[in-house]
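Trainee: Sequence unavailable; structure follows:
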């Protein structure tokens, strides 16, 4: 019940935010003329791009960490094997 209430309150606040930011703004791009777009769409697009970029960087970091852990575990296994051969 609390989860449903939280979702309803969140949707209401989100709707109010979108309604208050329906003004058109000029976006000056580097190579073209300025375009007019609603502020709500601009904010939503910026959020989505930032979220996707964060997810991509997080996946890349996890892959790098897994590779490092795999290499370090292989090196430790080689070191253990060398210790047994000396005896």
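Mentor: Great, that's in hand. Remember, predicted model here, so these are calculated numbers, not experimental data. Residues are numbered from 1 along each chain as shown.

Trainee: contacts and neighbour counts: CA atoms only from here.
Mentor: Noted.

Trainee: longest helix in this structure, by residue count?
Mentor: Counting by DSSP state H, the longest helix found in the chain is helix 39-86.

Trainee: Low-confidence ranges, this structure, go.
Mentor: 74-87 (pLDDT under 70).

Trainee: And residue 27, how far from residue 53?
Mentor: Going from residue 27 to residue 53 by Cα to Cα, to the nearest Å gives 21 Å.

Trainee: and if you look at residue 65?
Mentor: Taking Cα to Cα, one finds residue 65 at 18 Å from residue 53.

Trainee: Can you tell me the SS state at residue 36?
Mentor: Following DSSP: H, G, I helix; E, B strand; the rest coil, residue 36 is assigned to strand.

Trainee: Bridge partners for it, pull those for me.
Mentor: For residue 36, the beta-bridge assignment (DSSP bridges) gives partners residue 26.

Trainee: what sits against it?
Mentor: When contacts are counted by Cα atoms under 8 Å, 6 or more residues apart in numbering, residue 36 touches 24, 25, 26, 27.

Trainee: any chance of these in JSON lines, plus distance to residue 7 and neighbour count?
Mentor: Converted to JSON lines, the contacts of residue 36 look like this (distance: Cα to Cα, whole Å; neighbours: other Cα atoms under 10 Å):
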{"residue": "24", "distance to residue 7": "29", "neighbour count": "14"}
{"residue": "25", "distance to residue 7": "30", "neighbour count": "14"}
{"residue": "26", "distance to residue 7": "33", "neighbour count": "12"}
{"residue": "27", "distance to residue 7": "32", "neighbour count": "14"}
